[in-house]
Structure formats: structure tokens, C-alpha cells
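>>> coordinates for the following, if possible.
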Amino acid sequence: MTFKEMINQDKPVLADFFAVWCGPCKTMSPILDDLKERVGSKASIIKIDVDKNPQAAAAYQVRGVPTLILFKKGKILWRQSGVVSAAELEKLIKANS
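Numbers count the residues shown, from 1 in each chain. From the prediction side, this is the model:
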């Protein structure tokens, strides 16, 4: 499934734009694992390495990492740069499910 196909799903898709060299991105990793357990199949969580996918990062004007973007049916519902708590992300996903 392509990135475009993924973000066009009926359920929310949280995209984590990250880089392997980024400290805060490493902090986000276990938070996203926790979130995945909390939301189960209500949402998809995908990680996009900005160094390997510069075109995806450029398409969404990702300037800093981590940047989290919540998509549903191809539309951006929410975006934020920096570390975000699993509880906050879970509320956001439930509100948009």
C-alpha cells in the first residue's frame, strides 16, 4: 500500500515524520507503541523517515522532526511538531474516528 493509499483510508492515520539521528524522535517511538496498543485497529500509525522519503516530507512542508500529522480520507485533521503524549494522541484519534 502506498503512502497516498494509506492516508486516504476511512479511519484516521497518524503519520510520524522522523529521522534516525533525531533525539526527540527516539522519545516518540515508545509513545507510539503505547498508542498503538490503546487504539488498536481504530487508527493506523505509520512512520516516515524524512531522510529516505524527502518527497513526502517536502509535500507536507515538514521542516522539523518529529512532526506528527493526522490524516483521514486524505485530509490533514491535525499536525504538531515535537513530542506528544500517548494520552493526547489517543483523545485526538478517538475524536476523529
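
>>> quick one: the helices in this protein?
Assigned by DSSP state H, the helices in the chain fall at 3-7, 23-39, 54-59, 86-95.

>>> so the second one versus helix 86-95, what angle?
It stands for helix 23-39. Angle of helix 23-39 versus helix 86-95, following axes from the mean of the first three to the mean of the last three CA atoms, to 10 degrees, is 50 degrees.

>>> show me what helix 23-39 packs onto, helices and strands only.
When contacts are defined as 3 or more CB pairs under 8 Å, 6 or more residues apart in numbering; DSSP states H and E, helix 23-39 packs onto strand 13-18, strand 44-49, helix 86-95. C-betas here are computed from N, CA, C, even on glycine.

>>> state the mean pLDDT of that helix.
For helix 23-39, mean pLDDT rounds to 97.

>>> I'd like the distance from that helix to the chain centre, please.
With CA atoms, centre = their mean, to the nearest Å as the basis, helix 23-39 stands 10 Å off its chain's centre.

>>> switch the helices and strands packed on helix 23-39 over to TSV; also include mean pLDDT and distance to Lys75.
TSV is the format used below for the helices and strands packed on helix 23-39 (pLDDT from 0 to 100; distance: least, CB to CB, whole Å):
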stretch	mean pLDDT	distance to Lys75
strand 13-18	98	11
strand 44-49	96	15
helix 86-95	97	14
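
>>> please identify the most buried of these.
Ranked by mean neighbour count, the helices and strands packed on helix 23-39 are led by strand 13-18 with a mean of 23 (mean count of other CB atoms under 10 Å).

>>> who does the residue nearest the centre of the chain form a beta bridge with?
What sits nearest the mean C-alpha location of the chain, by CA atoms, centre = their mean, is Ala15, with 2.2 Å. As for beta bridges, Ala15 partners with Ile46, Ile69 under DSSP bridges.

>>> so who does it touch?
Shown in contact with Ala15 (CB atoms under 8 Å, 6 or more residues apart in numbering): 7, 46-48, 68-71.

>>> ok, 7 Å please
Shown in contact with Ala15 (CB atoms under 7 Å, 6 or more residues apart in numbering): 7, 46, 48, 69, 71.
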